[in-house]
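Visitor: The amino acid sequence is not available; the structure is as follows:
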């Protein structure tokens with residue numbers, strides 16, 4: 001307070017000085033831009049305040065931080081100037097999230113503006129309050145929103161309808177309890193079409209919200225007539241929402257379906273492409289409802305005829321819009337092939353079309369090709385085969401083969417065109433033509449055998465495995481017509497080891513076919529069989545042995561390698577009937593463009609529904625209800641263990657091999673539930689115990705299944721007093737008559753030959769080395785190449801994310817790491833990776849953020865990213881009694897959500913971390929009680 005008074009006095013003294021002296025004293029002080037804006041915002045002149053707000057908005061637009069002027073800008077809200085009020089509202093919407101406390105100060109102004117006589121100001125106030133993403137202001141929005149929903153001006157009502165959807169996104173239950181959703185449903189009967197359209201848009205937004213459990217937009221006969229009445233008079237975006245609602249409605253009878261079709265057909269002439277696609281969606285859906293009713297064919301013919309012009313118009317746009325239109329046209333043609341039947345020339349490629357547009361146009365051309373237009377299509381495809389784009393040329397040549405297989409009358413012309421292309425001796429042209437001609441030979445067997453010599457002349461041009469395999473098939477299939485068939489095959493045999501596996505397999509089959517038609521080629525067959533049976537490829541070797549056995553046994557080999565049956569035409573990229581019906585109902589959406597199921601395309605609403613907390617806190621919390629094991633099996637919630645835990649089911653968790661010192665491979669799963677429930681002795685864990693029958697195992701008395709109990713340090717347990725999963729207490733003193741070494745004396749024959757009768761440990765190099773390594777902390781990690789990484793989380797349980805991994809590095813958390821491979825089996829890229837460990841016996845925690853050690857920040861669909869996550873040893877915590885002590889619960893967060901799995905810690909780590917107990921690290925033995933010494937070292941010494 002004293003500093004403020006002193007500053008005021010100094011400013012007063014400076015202001016009282018003469019102007020020249022004042023300028024001299026203050027000339028070295030440079031005022032910041034925000035300070036100047038603050039002064040102008042508090043000016044008594046309206047024009048200066050307005051100019052200052054404009055400058056603030058300009059700085060905010062270019063990314064400068066002007067949040068410090070929040071209180072000063074808020075003062076300018078009380079004005080009659082509509083332009084200034086809009087600028088202030090724009091500022092408030094931008095900084096409401098960062099200044100939620102100060103936004104409350106503007107509530108009175110919002111409430112006052114909601115009762116303003118000017119409808120523009122009323123609508124502006126409600127729109128701004130809906131755009132303020134602050135929970136604190138929602139309660140103050142209730143009353144003004146209730147008034148504006150029943151406002152006399154339709155502009156205010158339509159604005160309030162959208163505001164309800166925004167408020168529902170913040171507080172769904174409050175919106176329902178206050179009757180705003182019911183008010184939206186009442187607005188469907190509003191006389192103004194704009195209000196109806198906005199009400200439909202708001203209800204669809206609420207319906208698509210993942211938190212909505214029951215339908216809110218129910219279209220019945222009464223609502224249907226109101227939507228059709230508003231369809232012609234609302235804006236283009238309102239028409240889209242109404243058409244989407246009509247597409248989801250199932251008509252009661254054929255008459256109602258015809259009525260909807262008649263009312264929707266005029267929308268095909270709209271200038272907006274989205275309206276056109278939405279109208280086509282409705283028409284295709286309602287044509288299916290007509291079925292075989294009387295006059296259905298005439299209606300379908302009329303609708304199909306009216307669909308063609310607007311679809312052609314969609315192609316006269318930018319390349320991006322043309323691509324979207326082509327993808328939707330491909331779906332429409334699969335449902336209604338007669339659409340655009342006379343408009344194939346529209347899909348001829350232009351010289352300046354991007355490659356992705358050209359490929360889509362070729363696909364549509366093949367669907368529209370018929371006997372009437374095949375000549376024009378072949379002429380066009382010949383021109384495409386001379387382009388410089390290799391991929392486009394290959395696609396054009398494949399299209400020629402499609403025309404030959406689809407239309408028998410045009411096959412001869414297609415073969416002639418392909419021969420002309422082969423004569424050019426361009427490598428990629430010849431090789432693609434060879435593959436296409438193989439399919440033509442299969443489609444029309446015995447018809448074009450005269451061109452085989454021409455194909456064989458171009459053997460030296462073929463260097464791709466698919467083309468070489470195609471030529472081998474032709475030679476083997478027509479060996480009786482080719483005089484030098486053996487010589488041609490010998491060329492491939494000489495370089496057998498260098499050929500691709502597909503060529504080797506085809507060469508083996510071709511040699512057998514050639515031998516059956518020309519017995520004089522027997523030496524060639526023997527040479528091929530010897531080379532194939534000596535191969536390291538199991539498929540090739542097994543097929544060669546099968547052929548050799550058939551030939552040596554005198555079986556009817558001709559029946560096995562008979563001529564291939566003719567192939568039939570199948571359209572490329574044909575969608576399944578179920579997926580096609582789904583995409584027809586979603587024309588114009590991203591799912592239709594990608595031609596994938598709607599469920600695989602993540603809408604933006606689901607990203608928003610996850611809330612803003614994910615952006616503020618990247619830590620992942622393990623939720624009890626969602627915790628799952630490695631294969632998606634649920635795990636109990638991580639609550640602290642009780643003093644007297646209830647007996648857990650035997651099959652709840654499988655106890656891994658506690659003495660398995662392999663760092664990478666997980667413990668083998670039990671063969672059955674009964675085997676998993678049976679207690680395991682140390683002999684069984686070492687793999688050296690004699691086999692026991694099921695009855696003997698069931699009747700055997702329980703034994704200690706941990707290292708402490710085997711060494712004679714554990715308390716005796718019984719099935720009636722202690723559960724199998726409860727931790728055993730370790731006594732602080734040992735019996736004077738027993739020793740840990742005495743307990744290990746009987747293991748000499750299991751661990752190796754004993755070199756000294758008095759020292760059983762001298763003959764146990766495995767355990768002795770483990771003890772020595774535990775003392776020095778130098779366990780040798782297993783290499784990544786020694787065994788594949790086990791699956792920690794299956795793709796089905798991980799929402800399409802598969803996780804493989806293992807622990808590696810030094811045998812303790814200090815310096816160790818968890819190596820993970822993330823494979824994305826979803827249709828969308830995954831990013832924003834984060835990881836968190838649950839409390840565990842070893843106290844393992846990540847020593848670095850997962851995103852910082854990922855090989856790539858974003859994992860594309862079908863791709864795999866690896867990470868080596870360094871680990872640190874923290875404070876150990878009690879885990880559940882049903883979770884083994886060497887299991888760690890892990891949660892991974894991505895943009896697709898949070899997934900959970902458990903990882904098995906190598907037993908070498910258990911020993912090493914336990915041995916470091918004296919140095920302050922949590923020891924394994926410390927869980928059940930005080931240990932004698934530090935971990936295994938203390939036990940053995």
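Guide: Okay, I see it. This is a predicted model, so every value here is computed, not measured.

Visitor: going forward, measure contacts and count neighbours with C-alpha atoms only.
Guide: OK.

Visitor: Start and end of stretch 514-532, how far apart?
Guide: Taking CA to CA, to the nearest Å, stretch 514-532 runs 17 Å from one end to the other.

Visitor: List the buried residues of that stretch.
Guide: Within stretch 514-532, the residues that count as buried by 16 or more other CA atoms under 10 Å are 514-518, 521-522, 524-525, 528-529, 531-532.

Visitor: roughly how far is it from the heart of the chain?
Guide: 51 Å (CA atoms, centre = their mean, to the nearest Å).

Visitor: Could you do stretch 513-522 as well?
Guide: In this view, stretch 513-522 has its centroid 53 Å away from the chain centroid, taken as CA atoms, centre = their mean.

Visitor: swap in stretch 52-63?
Guide: With CA atoms, centre = their mean, you get 39 Å for stretch 52-63.

Visitor: That stretch - what's its average pLDDT?
Guide: Mean per-residue pLDDT for stretch 52-63: 86.

Visitor: Not counting its own residues, what contacts that stretch?
Guide: Applying CA atoms under 8 Å, 6 or more residues apart in numbering, the contact partners of stretch 52-63 are 37, 40, 41, 65, 66, 73, 84, 87, 88, 91.

Visitor: Please repeat the previous calculation with a cut-off of 6 Å.
Guide: 37, 40, 41 (CA atoms under 6 Å, 6 or more residues apart in numbering).

Visitor: so what pLDDT did the residue lying closest to the last one once chain neighbours are set aside get?
Guide: Closest residue in space to residue 41, ignoring its immediate chain neighbours: residue 49 at 4.8 Å, by CA to CA, 6 or more residues apart in numbering. At residue 49, the pLDDT value in this model is 85.

Visitor: who's in contact with the longest strand along the chain?
Guide: The longest strand of the chain (DSSP state E) is strand 864-873. For strand 864-873, contacts defined as CA under 6 Å, 6+ apart pick out 813-814, 816-823, 843-847, 853-855.

Visitor: repeat that for 7 Å
Guide: Here strand 864-873 makes contact (CA atoms under 7 Å, 6 or more residues apart in numbering) with 813-824, 842-848, 850, 853-856, 859.

Visitor: quick one: average confidence on stretch 419-436?
Guide: 91.

Visitor: Give the buried residues for that stretch.
Guide: Going by 16+ other CA under 10 Å, stretch 419-436 has these buried residues: 419, 421-422, 427-436.

Visitor: Just the terminal-to-terminal distance for stretch 379-391.
Guide: End to end - CA to CA - stretch 379-391 spans 19 Å.

Visitor: How far off centre is it?
Guide: The answer for stretch 379-391 is 36 Å, by CA atoms, centre = their mean.

Visitor: cool, stretch 793-803 as well?
Guide: 10 Å.

Visitor: contacting residues around that stretch?
Guide: Stretch 793-803 has contacts (CA under 7 Å, 6+ apart) with 630-632, 791-792, 804, 820-826, 899, 901.

Visitor: What segments of the stretch 301-450 of the chain are helices?
Guide: For the stretch 301-450 of the chain, applying DSSP state H, counting those that start in this stretch gives helices covering 319-335, 355-368, 374-384, 390-406, 411-422, 427-443.

Visitor: May I see these organised as JSON lines, with distance to residue 867 added?
Guide: Listed next are those as JSON lines, based on distance: least, CA to CA, whole Å:
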{"stretch": "helix 319-335", "distance to residue 867": "37"}
{"stretch": "helix 355-368", "distance to residue 867": "35"}
{"stretch": "helix 374-384", "distance to residue 867": "46"}
{"stretch": "helix 390-406", "distance to residue 867": "35"}
{"stretch": "helix 411-422", "distance to residue 867": "49"}
{"stretch": "helix 427-443", "distance to residue 867": "40"}
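
Visitor: returning to what we had before: out of the contacts of stretch 793-803, who's nearest residue 242?
Guide: Relative to residue 242, the closest of the contacts of stretch 793-803 is residue 826; by CA to CA it sits at 31.8 Å.

Visitor: List just the nearest of the contacts of stretch 793-803 to residue 317.
Guide: Comparing those against residue 317 with CA to CA places residue 826 closest, at 32.0 Å.

Visitor: Just give the nearest non-adjacent residue to that closest one, would you?
Guide: Nearest to residue 826 is residue 800, by CA to CA, 6+ apart, at 5.0 Å.

Visitor: tally of neighbours for the one you found?
Guide: Using other CA atoms under 10 Å, residue 800 has 19 neighbouring residues.

Visitor: Show the pLDDT at it.
Guide: Model confidence at residue 800, given as pLDDT, is 84.

Visitor: And residue 727, by the same measure?
Guide: At residue 727, pLDDT is 35.

Visitor: For the closest residue to residue 445 other than its chain neighbours, which residues are in contact?
Guide: Leaving aside its chain neighbours, residue 445 sits nearest to residue 566 (7.1 Å; criterion: CA to CA, 6+ apart). If a contact means CA under 7 Å, 6+ apart, then residue 566 has 442, 443, 444 as its contacts.

Visitor: Going by neighbour count, which of the residues you listed comes out on top?
Guide: residue 443 (21 neighbours).

Visitor: show me what contacts that residue?
Guide: Counting by CA under 7 Å, 6+ apart, the residues that residue 443 touches are 405, 566, 567, 568.

Visitor: any idea which element the second one lies in?
Guide: So that's residue 566. Using DSSP states H and E, residue 566 is not contained in any helix or strand.

Visitor: Report pLDDT for it.
Guide: For residue 566, the model assigns a pLDDT of 74.

Visitor: need the helices for the stretch 151-300 of the chain, in chain order.
Guide: 154-170, 172-177, 180-187, 193-208, 221-231, 236-247, 254-264, 273-290, 296-314.

Visitor: Adding distance to residue 493, mean pLDDT and mean neighbour count as columns, could you present those in TSV?
Guide: Putting the helices of the stretch 151-300 of the chain into TSV (distance: least, CA to CA, whole Å; pLDDT from 0 to 100; neighbours: other CA atoms under 10 Å) gives the following:
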stretch	distance to residue 493	mean pLDDT	mean neighbour count
helix 154-170	70	90	24
helix 172-177	73	87	15
helix 180-187	77	90	20
helix 193-208	63	91	24
helix 221-231	72	90	17
helix 236-247	62	91	22
helix 254-264	66	90	17
helix 273-290	57	91	22
helix 296-314	54	90	17
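
Visitor: show me the contacts for residue 107.
Guide: residue 140.

Visitor: so what's residue 590 closest to, chain neighbours aside?
Guide: Excluding its sequence neighbours, the residue lying closest to residue 590 (CA to CA, 6+ apart) is residue 601, at 7.3 Å.

Visitor: Distance of the one you found relative to residue 826?
Guide: To residue 826, residue 601 is 9 Å away according to CA to CA.

Visitor: Compare neighbour counts for these two and give me the winner.
Guide: residue 826 (19 against 16).

Visitor: Test my guess that that one contacts residue 863.
Guide: No. Using CA atoms under 7 Å, residue 826 makes no contact with residue 863, being 9.9 Å away.

Visitor: All set now, cheers.
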